[in-house]
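A.B. asks: Quick one, structure for this:
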Amino acid sequence: VVMPTYNSELTIEKSLSSIRSQNFEQSQIEIIVVDGGSADRTLEIANRYNVMILDNPERLPEPAKLIGMKAAKGHYLFLFDSDQIIANKDFLSRKMSYMQSNCDVHGIIYDLAVEDGYNPICVYMNEAGDPFSCFIYRRWGRTAYNYRRNIQNRSDIGNTYFFSNSDLIPIGDSNTVMDLDYIRSKHSQEAETYEPAVLWDIVIRDNGLVGWSEKDFVYHLSACDFKTYLKKLKFRVVNNIHDVKGSGYSFRAQNDKVLNRRKYLYPFYCISIVLPVFDGIRMSVLHKNMVFMLHPIFAWYVMLEIVIQYIKKLVGARSTNTSYGK
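C.D. replies: Numbers count the residues shown, from 1 in each chain. The predicted structure is shown next:
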């Protein structure tokens, strides 16, 4: 388990406890906390759960995942954020059983959910990610966009889905389990420099197979309100424009023609005005939640930030992120 952290004291205890509460042999679970210089009680809490703690001098989550992956000794890599908790105590055992019975599948993705009482903005963030990604991937909800092609029911612990070379594959970020032995044997050179979200794309492209189980999900404990979410959106824009190698999307787009082409359409999407409004209505109906009517506001805000950050880049001014989405 690789967990990036930075001032995560409010959620990390629940996160680590959910891992240590799994119905799985705990001696077979290696937890690697990769910390970006927390100034709170994050590491004090982490030390209670028998974890390996590594330093992340770059602070951001993408390099943290690479640091953790390179240090991992296990057969499988489970990317897990410090503001997530596993809902099902059989989660890891089911993932292990699926991987062992489907040796041709080298990556599993699972869903995020929001506990009762959390801000509705969290629902939008879990389902859409951000408006730019929502547009690029046509992502109206993880199930709706990710799992629609060539469904193969392999077992009662997970299904396998096929994506052709012309398809956009699911985003493999913090909600994935990957076959680390396969990565070491087939992509050892890339594993030295590419963070796991980029490696995910490479591994899935090998045969197009992705595992998923609708019975398994993880709670996202993000304390996200409207203002905080705008900060997270700016955080992603800054990463994409000023730190290409540190951004999962920008780095993936360099090697994916479909992704690279679609990003140029986003300004026209926003300028149209009607398209973001239509998508907000569509998602509100699909998810039966009016929070998705905020989609046009978020889409236009991202477009404004893109313009601002590109102007800054053109004049030689650089924006940097110093924390996770704040």
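A.B. asks: Report the buried residues of stretch 1-12.
C.D. replies: For stretch 1-12, the buried set under the neighbour-count rule, 16 or more other Cβ atoms under 10 Å, comprises 1-9, 11-12. Quick note: C-beta positions are derived from backbone N, CA and C, even for glycine.
A.B. asks: Which of the residues you listed fall in strands?
C.D. replies: Secondary structure defined by DSSP state E assigns 2-5 of the buried residues of stretch 1-12 to strands.
A.B. asks: for the buried residues of stretch 1-12, which one is nearest residue 25?
C.D. replies: Within those, distances to residue 25 taken as Cβ to Cβ reach their minimum at residue 1, with 13.8 Å.
A.B. asks: Return the residues in contact with that closest one.
C.D. replies: Contact analysis of residue 1 by Cβ atoms under 8 Å, 6 or more residues apart in numbering lists 19, 29-32, 78, 80.
A.B. asks: Distance to residue 125 and neighbour count added to the residues you listed, as TSV?
C.D. replies: Output for the contacts of residue 1, formatted as TSV (distance: Cβ to Cβ, whole Å; neighbours: other Cβ atoms under 10 Å):
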residue	distance to residue 125	neighbour count
19	23	22
29	28	16
30	29	16
31	25	21
32	25	23
78	21	24
80	17	23
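A.B. asks: Name the spans of the chain whose pLDDT lies under the cut-off.
C.D. replies: 139-156, 214, 223, 243-258, 320-326 (pLDDT under 70).
A.B. asks: Mind naming the longest helix for it?
C.D. replies: Determined from DSSP state H, the single longest helix within the chain is helix 295-314.
A.B. asks: got a list of contacts for it?
C.D. replies: Outside of helix 295-314, the residues within contact range by Cβ under 8 Å, 6+ apart are 124, 128, 130-132, 134-135, 229-230, 233-234, 237-238, 241-242, 266-267, 269-270, 273, 276-277, 279-280, 283, 318-319.
A.B. asks: which of the residues you listed count as buried?
C.D. replies: For the contacts of helix 295-314, a neighbour count by 16+ other Cβ under 10 Å gives the buried set as 124, 128, 130-132, 134-135, 229-230, 233-234, 237-238, 241-242, 266, 269-270, 276, 279-280, 283, 319.
A.B. asks: Show only the entries of these found in helices.
C.D. replies: By the criterion of DSSP H, membership of those in helices covers 124, 128, 131-132, 134-135, 229-230, 233-234, 237-238, 241-242, 266, 269-270, 276, 279-280, 283.
A.B. asks: Name the helix or strand for residue 110, please.
C.D. replies: Assigned by DSSP states H and E, residue 110 falls within strand 107-113.
A.B. asks: Residue 22 now?
C.D. replies: With elements taken from DSSP H and E, nothing contains residue 22; it lies in neither a helix nor a strand.
A.B. asks: which residues touch it?
C.D. replies: With the criterion set at Cβ under 8 Å, 6+ apart, residue 22 makes contact with 29, 86, 89-93.
A.B. asks: want to throw the residues you listed into a markdown table with distance to residue 174 and secondary structure?
C.D. replies: A markdown table is the format used below for the contacts of residue 22 (distance: Cβ to Cβ, whole Å; DSSP: H, G, I helix; E, B strand; the rest coil):
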| residue | distance to residue 174 | secondary structure |
| --- | --- | --- |
| 29 | 17 | coil |
| 86 | 13 | strand |
| 89 | 20 | coil |
| 90 | 21 | coil |
| 91 | 15 | helix |
| 92 | 16 | helix |
| 93 | 21 | helix |
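A.B. asks: which among those residues end up buried?
C.D. replies: When neighbours are counted using 16+ other Cβ under 10 Å, the contacts of residue 22 contain these buried positions: 29, 86, 91-92.
A.B. asks: Lovely, talk soon.
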